[in-house]
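*Asks:* pasted the sequence and its predicted model underneath.
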Amino acid sequence: MAVEFYRHALREEDVQAVVAVLRSTFLTTGPQCREVEARLAAYLGVPHVLTMTSCTAALEVALRAFGVGPGDEVIVPAFTFVATATAVLHAGATPVLADVDPDTGCLGAAGVVRALTPRTRCVIPVHLYGQMADLEAIRAVLGGRKVRILEDAAHCVEGTLRGVRPGQASDAAAFSFYATKNLTCGEGGALALRDPDLAERARRLRQHGMTASAAERYQGTKGYRHWDVVDLGVKANLPDVLAALLVHQVPRLDAQRVRREALARRYEAVIDALPGWGRPMVRAEATSAYHLATAWAPRGHRDAVLAALAEREIGVAVNWRALPQLTWVREALHADPADFPVACELGDRTLSLPLWPDLTDAQQDEVIAALRAVARGLPRA
Ligand SMILES: Cc1ncc(COP(=O)(O)O)c(C=O)c1O
């Protein structure tokens with residue numbers, strides 16, 4: 001039996017919500033976006049949520065709303081998806097890479113301390129694979145400095161650390177609704193913020209710096225109202241056609257997280273019994289969103305494992321090679337892999353296994369049997 005790496009968990013109610021928008025007049029940012037924003041704000045316990053076209057856009061809008069730009073440095077983990085760093089460049093600031101903690105793969109206090117300079121204006125911790133980075137520890141090493149914390153929560157709508165959710169203890173949190181994410185509309189994202197003034201600025205910045213959205217401008221046949229442009233913004237507003245896909249998924253998130261956790265913990269037990277293998281540690285005080293199920297293959301064998309699993313028709317992925325292992329990042333940011341030993345070791349060893357809410361026990365049995373067989377076939381270290 002072949003097992004795909006990922007299948008979405010969309011239901012008929014999601015399809016019908018999109019059809020209803022298609023039959024209405026209003027296709028772009030409007031009532032569906034407002035509904036998702038309200039549901040996410042209530043779920044996260046954060047007052048302001050703004051839907052966007054992607055997490056990448058949400059990160060850039062947040063930085064611009066903070067006033068972070070040319071001459072400013074932003075600390076980014078060396079082990080993340082490339083968008084965490086490119087969003088900083090698009091905002092005109094300079095990403096400064098920091099190595100990550102070896103147990104979780106997340107940016108921690110030690111990495112931040114080494115990367116801090118007098119020009120640091122922001123830190124972007126990434127909630128890797130659904131487990132939150134330790135914002136409290138990061139905040140502690142920042143001391144009284146005026147440094148913003150922007151969470152890259154692309155993997156983590158549902159996670160908590162010591163009872164705190166993304167967006168509750170930072171300046172902003174950016175989410176992704178990309179095709180494989182726990183909450184998805186194919187392409188999309190959101191920004192959660194606590195400060196009303198920052199939220200108002202981010203709302204304008206996501207749509208050209210305009211003072212009124214399409215929904216606010218739309219008066220039907222009741223006349224026309226002028227709007228102004230008061231900022232240099234970007235174009236990052238989500239259309240209602242896509243937002244409609246998200247509305248009914250939000251109340252299903254917790255039940256799906258429970259299923260993800262059950263599947264992930266079973267993988268963890270299997271990986272823990274394989275000699276030379278590893279995996280990210282999930283802290284006792286954390287609830288992970290379990291976006292990805294990660295295994296660290298024995299050193300030097302990851303690509304052989306990927307090939308052997310593919311031969312057995314098990315869908316796999318790599319999330320990711322570390323930033324200094326990517327040609328453009330190495331050249332543009334002058335990042336030497338030798339300076340980021342933890343990130344680069346993870347980049348060499350990591351692989352992601354099938355993990356989605358509708359994955360059956362029988363399908364997981366198949367993946368586990370293949371993983372054990374492939375591990376047995378590796379040369380002994
Ligand atoms: C950690 C991380 N940050 C940012 C992104 C970018 O998300 P998007 O594709 O919604 O822009 C991703 C996408 O997978 C990601 O994994």
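*Replies:* Everything's here; your move. Numbering: from 1, shown residues only.

*Asks:* and the longest helix along the chain, what does it pack against?
*Replies:* Criterion DSSP state H: the longest helix present in the chain is helix 253-272. Counting contacts by 3 or more CB pairs under 8 Å, 6 or more residues apart in numbering; DSSP states H and E, helix 253-272 packs against strand 293-296, helix 361-376. C-betas here are computed from N, CA, C, even on glycine.

*Asks:* kindly recompute the last result at 10 Å.
*Replies:* helix 31-44, strand 293-296, strand 350-353, helix 361-376 (3 or more CB pairs under 10 Å, 6 or more residues apart in numbering; DSSP states H and E).

*Asks:* return the angle between stretch directions for it and helix 31-44.
*Replies:* Orientation check (axes from the mean of the first three to the mean of the last three CA atoms, to 10 degrees): helix 253-272 against helix 31-44 gives 60 degrees.

*Asks:* mind listing what residue 167 touches?
*Replies:* By CB atoms under 10 Å, 6 or more residues apart in numbering, the contact set of residue 167 is 40-41, 44-49, 151, 153, 157, 173-175, 190-194.

*Asks:* then residue 240?
*Replies:* Applying CB under 10 Å, 6+ apart to residue 240 gives the contacts 17-18, 20-22, 24, 26-36, 51, 214-215, 247.

*Asks:* same thing with residue 260?
*Replies:* Listed by CB under 10 Å, 6+ apart, the contact set of residue 260 reads 130, 158, 182, 288-293, 355-357, 359.

*Asks:* remind me which residues of this structure are low pLDDT?
*Replies:* Residue ranges of the chain with pLDDT under 70: 381.

*Asks:* before we move on, what SS does residue 144 have?
*Replies:* coil (DSSP: H, G, I helix; E, B strand; the rest coil).

*Asks:* tell me how far it lies from residue 194.
*Replies:* Going from residue 144 to residue 194 by CB to CB, to the nearest Å gives 19 Å.

*Asks:* what does residue 111 give?
*Replies:* For residue 111 relative to residue 194 (CB to CB), the value is 25 Å.

*Asks:* same deal with residue 181?
*Replies:* 23 Å.

*Asks:* quick one: neighbours of residue 274, just the number.
*Replies:* Neighbour count for residue 274, taken as other CB atoms under 10 Å: 18.

*Asks:* which residues touch it?
*Replies:* Contacts of residue 274 (CB under 10 Å, 6+ apart): 295, 297-298, 371-372, 374-376, 378.

*Asks:* mind checking the SS state of it?
*Replies:* At residue 274 the chain is in coil, as set by three-state DSSP.

*Asks:* next, it: phi, psi?
*Replies:* Dihedral pair for residue 274: phi -100, psi 120, per degrees, to the nearest 10.

*Asks:* do residue 307 as well
*Replies:* Note on residue 307: its backbone torsions stand at phi -70, psi -40 [degrees, to the nearest 10].

*Asks:* up against the ligand, what does the protein have?
*Replies:* Counting by CB under 6 Å from any ligand atom, the residues of the chain close to the ligand are 54-56, 80-81, 83-84, 126, 152, 154-155, 176, 178, 189.

*Asks:* please enumerate the helices of the stretch 101-250 of the chain.
*Replies:* Using DSSP state H, counting those that start in this stretch, the helices of the stretch 101-250 of the chain run over residues 109-115, 135-142, 196-205, 214-217, 240-247.

*Asks:* and the fourth one, how far out from the chain middle?
*Replies:* The reference is to helix 214-217. Here helix 214-217 is found 29 Å from its chain centre; the criterion is CA atoms, centre = their mean, to the nearest Å.

*Asks:* next: the last one.
*Replies:* Helix 240-247 has its C-alpha centroid displaced from the chain centroid by 19 Å (CA atoms, centre = their mean).

*Asks:* now it against helix 31-44, angle please.
*Replies:* For helix 240-247 against helix 31-44, the angle by the same axes, to 10 degrees is 30 degrees.

*Asks:* tell me which of residue 144 and residue 194 has more neighbours.
*Replies:* Between residue 144 and residue 194, counting by other CB under 10 Å, residue 194 is the more crowded of the two (17 against 5).

*Asks:* quick check on the residue most central in space within the chain: phi, psi?
*Replies:* Taking CA atoms, centre = their mean, the centroid of the chain lies closest to residue 154, which sits 1.2 Å from it. Here is the backbone geometry of residue 154 (degrees, to the nearest 10): phi -60, psi -30.

*Asks:* what's the most buried one of the helices of the stretch 101-250 of the chain?
*Replies:* Scoring those by mean neighbour count under mean count of other CB atoms under 10 Å gives helix 240-247 as the most buried, with a mean of 24.

*Asks:* which of the contacts of residue 240 count as buried?
*Replies:* Buried residues within the contacts of residue 240, defined by neighbour count using 16 or more other CB atoms under 10 Å: 17-18, 21, 28-30, 32-36, 51, 214, 247.

*Asks:* which single one of these is nearest to the ligand?
*Replies:* Closest approach to the ligand among the buried ones among the contacts of residue 240 (CB to the nearest ligand atom): residue 51, at 11.6 Å.

*Asks:* how many other residues sit next to the residue in the stretch 201-350 of the chain positioned nearest to the ligand?
*Replies:* Nearest to the ligand in the stretch 201-350 of the chain, going by CB to the nearest ligand atom, is residue 319, at a distance of 7.0 Å. In terms of burial, residue 319 registers 19 neighbours under the definition other CB under 10 Å.

*Asks:* same check on residue 269?
*Replies:* The number of residues near residue 269, taken as other CB under 10 Å, comes to 9.

*Asks:* can you check the one 4 residues further on too?
*Replies:* Counted by other CB under 10 Å, the residues lying close to residue 273 total 10.

*Asks:* okay, how far is it across stretch 168-181, tip to tip?
*Replies:* With CA to CA, to the nearest Å as the measure, the ends of stretch 168-181 fall 21 Å from one another.

*Asks:* that one: which residues count as buried?
*Replies:* Across stretch 168-181, burial judged by 16+ other CB under 10 Å covers 168-178, 180-181.
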